[in-house]
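**Student:** model this:
(2 chains)
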Amino acid sequence: MADVTIAAGKSPHSHSPDGEYHSYLENTGKHRGILAWILSTDHKRIGILYLISIFTFFAVGVVLGFLMRLEMLVPGPAGKIFNAQEYNALFTLHGVIMVFLFVIPGIPATLGNFFLPIQIGAKDVAFPRLNLLSWYLYITGAIVIMMSMFWHGLPDTGWTFYVPYSIRTGTDVTMAVFGVFILGFSSILTGLNFLTTIHRLRAPGMSFFRMPLFVWALYATAWIQVIATPVLAITLLLIVIERVFSVGIFNPTLGGDPVLYQHLFWIYSHPAVYIMILPPMGVVSEIVTTFSHRSVFGYKMIAMSSLAIAFIGYLVWGHHMFVAGETQTAQFVFSLLTFLVAIPSGIKVFNWVATMYKGSIDPQPPFLFLMAFIILFAIGGLTGLVLGSLATDVHLTGTYFVVGHFHYIIFGGAVFIFFGALHYWLPKMFGRMYGKKTANWALGILFVGFNMLYFPMLLLGYEGMPRRYFAYLPKYETLQHISMVGSWVLVIGLIIMFVNLIHGIFRGEKCGPNPWGGTTLEWTIPSPPPLENFEEIPIVTNEPYYHPEAEPIKAEPIPVAK
Amino acid sequence: MSEITESNAEVLGHAHEEHAHRDDVGAKMGMWIFLLTELLLFTGLFLVYAVYRYYYTKEFHEAGMQTHILFGTVNTMVLLTSSLTMVLSIAAIQRGKKWLSATFLSSTILLGLAFLIIKYVEWSEEIAKGIYPGSPTLLAKSNGEVLFFGLYYTMTGLHAIHVIAGMTILIFMLVFILRNKITKDNYTKLENAGLYWHLVDIIWIFLFPLFYLIN
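**Tutor:** Numbering: from 1, shown residues only, chains lettered A, B, ... in the order given. A predicted model of the protein is given here:
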């Protein structure tokens, strides 16, 4: 039976007889110009479509966040740039764009799309046309969200759309929520596609335990996408139904229970945090082994810990609702389960560090991004423990502390690794290298700006500054100003980084197929990759991270009691 | 595993033939995962139902007496029969009987239509009685009853949308059968459509007791 899915309409001959090949960047199909991209079912082109669209929305989100910081120039309420209503719209839109349009699709839809099939030795994903449909759904959802701007006014509920306010407000919550509903479809279809691809299209010899750890991370992520997203979909649909028909499900005046909404929302949205963080963890596993020039330590444990995080991550949603009238039993259980997630996360971190042990470390830009990630993620993780503990959470919930913690995890953790992954894989995708020195400078500026921006938030929250307020007491002024200046530094770092990367894509030096000495399958093919990835489907005979030159670590024999 | 390399060589050998290669197992796996997401979509609603039934046991009991058990029962039989004809349609195409398969598939679509018509009549009767979301008659009732009917319209409404989606898919399948796109050797599409139809059926099997029988 035929086991290989190949998109119709492409020539299987990537290589011509004289050794030259057609890269995926050359137009060989019947379409030209932009149509050759937006109608292409090639997973590499779709990955780049996602990359462009996702970073466009990232730029919008950054501008909104920048404006929110600028709003803190004076304590107010007098002399403000935006009034309270406009500020509410700012943080709602910032949250919705960053969470649903940037971080959740994030790495899986972009780099996952590009490298998942290559890393398992396949020519494309299992359902190429469905893959393109996912991108169209993403764009449709984004447009619907943007339309809410021009309808009844921007939603002002915060990205969590908490009831009962979200069913009462006169702003256009219906449109925004419906947009997120469509994005959910896109996410589900991507997850479904990846699961089937991983199960069905691995190259001969590529057993599950020979898959690169990035693929393992995407596998765990795809399961969360498939299992958690429908719950969000129905929850958001209920908000729309509630607003349009007022059936009363979340409306306390009709007997509905607003806290039920919070449960349903977090049953999705907590696992969604792992949709955001698991793929970066997979990238870290790739980067750490490549730049340490040694096989990853504890391969199976890292692979399994991804699944463990995905599983436990399901059972902790209640920790978002410690102050929403949970019973004490529920609080204890959810708090305990929250601490349990630290175990598989810890397994990963220890294995990464152990991989570096006796390695020959090459501190290239991607590796430095990883270093920054470890520091920022550690701060994010530790502040997470403070919030996961019942007593401290009651004091800190709803303050800047939560905002600071969240940004350390998602921005400092997930997005810094997203940047690191771009520095790792863009030379592969386009065959050209960016300026490494500039990349290092950009990282330094980003790191300083990031900490200036978010560390003061932890202190402000500790002192009691509530989140989502457009004005503040004069005693918070110094910290607010440091944070604001931090946002300027951060934006400068972002601009330098992106200019450097884009310049590298078009004008950088050619870098050959394997600039870093990586060992996974994507480094065995030319850069940029050929149209159908592999001239011949490779036969995999060894583990993914085999560095023959690395000195083997001799384990001391463990004495066995007789 | 060697099959993959062989089929790959085969593809390279037929470079000029532009056709997508089939992976029937993969296609079915994708469908099952999709069904899982559909099931979870309704699970959210079942959860909401369970919570409110627990809060308002008495009111749900009283409201449950007011739904039309006759319409509900007939519709259950209609949908179960449609699942039968769906299975027969697949069995027919497996034996290469194109027209028989098309006939059974058409009956499935018609039974789906019958379900919707009965649903329409049932809803019209409820609405004629003044029971619909936000109506003065309904708002005069207790909170539990308001929620019961809110859920009744939401869940059966969402289910009806799924019936319409299923019928649309089946109409496409019918066209595929008539144009010989679905044949004795290539019927995974029809099987997947059948799986979706059965899912729609199964969800109704759960909705029926929750809104018509338990009281």
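
**Student:** Can you tell me which residues in the stretch 451-562 of chain A are near chain B?
**Tutor:** Taking CB under 8 Å from any CB of the partner chain as the contact definition, the stretch 451-562 of chain A meets chain B at A:536-537, A:539. (C-beta placed from N, C-alpha, C; glycine too.)

**Student:** One more pass at 10 Å, please.
**Tutor:** Applying CB under 10 Å from any CB of the partner chain, we find that the stretch 451-562 of chain A lies next to chain B at A:532, A:534-540.

**Student:** Show me which residues of stretch B:91-98 are buried.
**Tutor:** B:92-93, B:98 (16 or more other CB atoms under 10 Å in any protein chain shown).

**Student:** about what we covered before: save the residues of the stretch 451-562 of chain A next to chain B as TSV, and put in pLDDT too.
**Tutor:** Formatted as TSV, the entries for these read as follows, by pLDDT from 0 to 100:
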residue	pLDDT
A:Glu532	88
A:Phe534	91
A:Glu535	86
A:Glu536	86
A:Ile537	89
A:Pro538	90
A:Ile539	90
A:Val540	90
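
**Student:** Of these, which pair is most distant in space?
**Tutor:** Pairwise distances across those (CB to CB) peak at 17.8 Å, for the pair A:Glu532 and A:Val540.

**Student:** Among the two, which residue is more densely surrounded?
**Tutor:** When A:Glu532 and A:Val540 are compared on other CB atoms under 10 Å in any protein chain shown, the one with more neighbours turns out to be A:Glu532, at 26 against 19.

**Student:** The more buried one touches A:Gly121, doesn't it?
**Tutor:** No: taking contact to mean CB atoms under 10 Å, the distance of 11.8 Å between A:Glu532 and A:Gly121 leaves them out of contact.

**Student:** Check which residues of the top helix by length along chain B are buried.
**Tutor:** Within chain B, and with DSSP state H defining each element, the longest helix by residue count is helix B:143-178. Of the residues in helix B:143-178, those buried under the neighbour-count criterion (16+ other CB under 10 Å) are B:143-156, B:158-160, B:162-163, B:166-167, B:169-170, B:173-174, B:176-177.

**Student:** and if you look at stretch B:178-195?
**Tutor:** Along stretch B:178-195, the positions that meet the burial threshold by neighbour count (16+ other CB under 10 Å) are B:182, B:187-195.

**Student:** Which of those residues sits closest to A:Leu521?
**Tutor:** Minimum separation from A:Leu521 among the buried residues of stretch B:178-195 (CB to CB) is found for B:Thr188, which lies at 29.3 Å.

**Student:** Per-residue pLDDT of that closest one, please?
**Tutor:** Model confidence at B:Thr188, expressed as pLDDT, equals 94.

**Student:** got the residues of the stretch 451-562 of chain A next to chain B as a markdown table, with secondary structure columns?
**Tutor:** Conversion of those to a markdown table gives the following (DSSP: H, G, I helix; E, B strand; the rest coil):
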| residue | secondary structure |
| --- | --- |
| A:Glu532 | coil |
| A:Phe534 | coil |
| A:Glu535 | coil |
| A:Glu536 | coil |
| A:Ile537 | coil |
| A:Pro538 | coil |
| A:Ile539 | coil |
| A:Val540 | coil |
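
**Student:** C-terminal to the lowest-mean-pLDDT helix or strand in chain A, what's the next element?
**Tutor:** When the helices and strands of chain A are scored by mean pLDDT, DSSP states H and E, helix A:165-168 comes last with a mean of 87. On the C-terminal side of helix A:165-168, the closest following helix or strand by DSSP states H and E is helix A:173-200.

**Student:** ok, the residue in chain B that chain A sits nearest to - contacts?
**Tutor:** Sorted by distance to chain A under CB to the nearest CB, the residues of chain B start with B:Asn143, at 2.6 Å. Contacts for B:Asn143 were tallied using CB atoms under 10 Å, 6 or more residues apart in numbering or on different chains; they are A:248, A:251-256, B:52, B:55-56, B:59.

**Student:** For chain B, which segments count as helices?
**Tutor:** B:2-13, B:24-55, B:57-65, B:69-94, B:98-128, B:136-139, B:143-178, B:188-208.

**Student:** so which of these comes closest to A:Pro230?
**Tutor:** Across those, A:Pro230 has its closest neighbour in helix B:24-55 (3.9 Å, CB to CB).

**Student:** angle of that closest one against helix A:173-200?
**Tutor:** Going by axes from the mean of the first three to the mean of the last three CA atoms, to 10 degrees, helix B:24-55 is angled at 140 degrees with respect to helix A:173-200.

**Student:** The longest helix seen in chain A close to chain B?
**Tutor:** Scanning chain A for the longest helix, with DSSP H as the assignment, gives helix A:258-292. Yes: contact between helix A:258-292 and chain B is present through A:259-261, A:263-264, A:267-268 (criterion: CB under 10 Å from any CB).

**Student:** which of those residues lies closest to A:His94?
**Tutor:** Relative to A:His94, the closest of the residues of helix A:258-292 next to chain B is A:Tyr268; by CB to CB it sits at 20.0 Å.

**Student:** Can you tell me the element the nearest residue to the closest one once chain neighbours are set aside falls in?
**Tutor:** The spatial neighbour of A:Tyr268 that comes closest, neighbours along the chain excluded (CB to CB, 6 or more residues apart in numbering or on different chains), is A:Leu232 at 3.5 Å. Counting by DSSP H and E, the element that carries A:Leu232 is helix A:213-245.

**Student:** Buried residues of that helix, list them for me.
**Tutor:** Buried residues in helix A:213-245, defined by neighbour count with 16+ other CB under 10 Å: A:213-243.

**Student:** quick one: pLDDT of B:Ser2?
**Tutor:** The score at B:Ser2 is 39. That number is its pLDDT.

**Student:** For the residue of chain A at minimum distance from chain B, list the residues it contacts.
**Tutor:** Residue of chain A nearest chain B, by CB to the nearest CB: A:Gly255 (2.6 Å). The contact partners of A:Gly255, by CB under 10 Å, 6+ apart, come to A:248-249, B:52, B:55-56, B:59, B:142-148, B:150.

**Student:** B:Phe115 too?
**Tutor:** Going by CB under 10 Å, 6+ apart, B:Phe115 touches B:74-79, B:81-82, B:159-160, B:163, B:167, B:200-201, B:204.

**Student:** Please indicate which of the residues you listed are buried?
**Tutor:** When neighbours are counted using 16+ other CB under 10 Å, the contacts of B:Phe115 contain these buried positions: B:75-76, B:78-79, B:81-82, B:159-160, B:163, B:167, B:200-201, B:204.

**Student:** Save those as a markdown table, and put in distance to chain A and pLDDT too.
**Tutor:** Supplementary listing: the buried ones among the contacts of B:Phe115 in a markdown table, determined by distance: CB to the nearest CB, whole Å; pLDDT from 0 to 100:
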| residue | distance to chain A | pLDDT |
| --- | --- | --- |
| B:Asn75 | 21 | 95 |
| B:Thr76 | 23 | 96 |
| B:Val78 | 26 | 96 |
| B:Leu79 | 22 | 96 |
| B:Thr81 | 29 | 97 |
| B:Ser82 | 24 | 97 |
| B:His159 | 13 | 96 |
| B:Ala160 | 14 | 96 |
| B:Val163 | 17 | 97 |
| B:Met167 | 20 | 97 |
| B:Val200 | 15 | 96 |
| B:Asp201 | 19 | 95 |
| B:Trp204 | 17 | 96 |
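
**Student:** Strands of chain A, residue ranges please.
**Tutor:** Listed in chain order, the strands of chain A (DSSP state E) span A:432-433, A:509-510.

**Student:** Run through chain A and note the low-pLDDT ranges.
**Tutor:** Residues of chain A that meet the criterion pLDDT under 70 lie in A:1-19, A:550-562.

**Student:** Verify the stated contact: B:Trp197 with B:Thr168.
**Tutor:** No: under the contact definition of CB under 10 Å, B:Trp197 does not touch B:Thr168, with a separation of 11.3 Å.

**Student:** any common contacting residues for the two?
**Tutor:** By CB under 10 Å, 6+ apart, B:Trp197 and B:Thr168 have these common neighbours: B:109, B:112.

**Student:** got the contact list for the closest residue in space to A:Pro538 that isn't next to it in sequence?
**Tutor:** Here the nearest residue to A:Pro538 in space, its sequence neighbours aside, is A:Gly121; by CB to CB, 6+ apart that works out to 4.8 Å. Under the criterion of CB under 10 Å, 6+ apart, the contact list for A:Gly121 reads A:201-206, A:210-211, A:521-522, A:524, A:533-534, A:536-540, B:4.
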